[in-house]
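# Starting from these lines, generate the structure:
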Amino acid sequence: MARQPRSLVGRTVAITGGARGIGAATAVALDRQGARVAIGDLDVDLAAEVAGQLRQPALGLELDVTDRQAFTAFLDRVESELGPIDVLINNAGIMPIGPITEETDQTTSHQLAINLHAVIHGSKEAVRRMTRRGAGHIVNIASAAGKTPVPSAATYSATKFGVVGFSESLRLELAGSGIDISCVMPGIVRTELASGLRDTAGFKPVQPEDVAAAIVDALQRPRFDVFVPRSIGPTSRLSALMPRRFGDWLVRTIGVDRLMAEAAGARERAAYEQRIAGSAPAADRETDGSRGA
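Residues are numbered from 1 along each chain as shown. Down below sits the predicted model:
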């Protein structure tokens, strides 16, 4: 007999980077399931706007995930106003693209701070809180680029490989604790992050609502690997078993080898690249402070 899906009614869920794209779509999807959602984002006005559209009790709060103290304070406030956090979704992420020789040190540090370090810090905080209750679920948003190398997005791919590896290790570390870990690995998602990216031969682009639906399903029926679309999973596993030259051939066949390079100079990416340049204010303050020391 199939196991009944877990109810999300009354669950408290915190989502980082939740004002746009996958985060916002997930907030809406969880609200429909009866969850109480807290949205953290640098754009506090947009976060509040999304929260204001939800039917269940919700919060829209300012959050710079690169500020560890502020991140912890965000989780504290969520728990004080909505109740103990049942689910943390580490969704905040950026994807600047271009040749590695043209990537500034600041751009590199922003990706590491947001895409990887913040996921680790958020997960640490969630584990501390959830361990006391012996229950909880951490969802880390990685990418298909965390399984398949992507030229002209080398640092981004490195951070997502890091999220996958961190999540894999955390899953084993927490076995038997009552805390579930899910790692979400979407392909091309039609959000601002993917501006200028063309369709590939191998995988059809998906909408943020598709990723949100997969996240909800993983919370109701816990599993670690969450590929969106699902067809990425078998391809990824097959590639891992085959010789390297097969993987290289697959990357060329799908078109991943040219995907980012062709999009790097696209006019439709300009607004996104400009916005994310200021996406890690706390990390920039730390860098400035170290230079002045």
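
# Tell me where the stretch 151-293 of the chain has strands.
In the stretch 151-293 of the chain, the strands defined using DSSP state E, counting those that start in this stretch lie at 179-186, 225-228.

# Could you provide those in JSON lines, with additional columns for mean pLDDT and distance to Leu46?
(Glycine included, C-beta is placed from N, CA and C.) Listed next are those as JSON lines, based on pLDDT from 0 to 100; distance: least, Cβ to Cβ, whole Å:
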{"stretch": "strand 179-186", "mean pLDDT": "98", "distance to Leu46": "21"}
{"stretch": "strand 225-228", "mean pLDDT": "96", "distance to Leu46": "24"}
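
# mind showing which ranges of the stretch 151-293 of the chain have poor pLDDT?
200-203, 238, 255, 257, 287-293 (pLDDT under 70).

# and the strands of the stretch 151-293 of the chain, which is most packed in?
Here the criterion is mean neighbour count by mean count of other Cβ atoms under 10 Å, and of those the winner is strand 179-186, at a mean of 24.

# what distance separates that strand from the centre of its chain?
Distance, stretch centre to chain centre, for strand 179-186: 10 Å (Cα atoms, centre = their mean, to the nearest Å).

# Check which strands are paired with that strand and give the direction for each one.
strand 136-141 (parallel), strand 225-228 (parallel) (DSSP bridges).

# so which of the strands of the stretch 151-293 of the chain comes closest to Asp248?
If you check each of the strands of the stretch 151-293 of the chain against Asp248 by Cβ to Cβ, strand 179-186 wins as the nearest, at 20.1 Å.

# on that earlier part again, could I get the strands of the stretch 151-293 of the chain as a markdown table with distance to Arg258?
Listed next are the strands of the stretch 151-293 of the chain as a markdown table, based on distance: least, Cβ to Cβ, whole Å:
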| stretch | distance to Arg258 |
| --- | --- |
| strand 179-186 | 20 |
| strand 225-228 | 22 |
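
# right, and the strands paired with strand 179-186 - which one's nearest Asp284?
Short answer: strand 136-141, nearest of the strands paired with strand 179-186 by Cβ to Cβ, at 23.1 Å.

# on that earlier part again, Ala283: which of the strands of the stretch 151-293 of the chain is closest?
Judging the strands of the stretch 151-293 of the chain by Cβ to Cβ, what sits closest to Ala283 is strand 179-186, at 23.7 Å.

# Just the C-alphas of that closest one, formatted as CSV.
The C-alpha atoms that make up strand 179-186 are tabulated as CSV, following Å, rounded to 0.1, in the frame of the first residue of the first chain:
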residue,chain,number,x,y,z
ILE,A,179,15.8,15.3,9.7
ASP,A,180,15.3,14.8,6.0
ILE,A,181,17.6,16.4,3.3
SER,A,182,16.5,17.0,-0.3
CYS,A,183,18.8,18.4,-3.1
VAL,A,184,16.9,20.0,-6.0
MET,A,185,18.7,19.9,-9.3
PRO,A,186,16.8,21.8,-12.0
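
# Can you tell me what sits against it?
Under the criterion Cβ atoms under 8 Å, 6 or more residues apart in numbering, residues 22, 126-127, 130-131, 135-144, 146-147, 163-164, 167-168, 170-171, 174, 206, 211, 214-215, 218-219, 222-228, 232, 236 lie in contact with strand 179-186.
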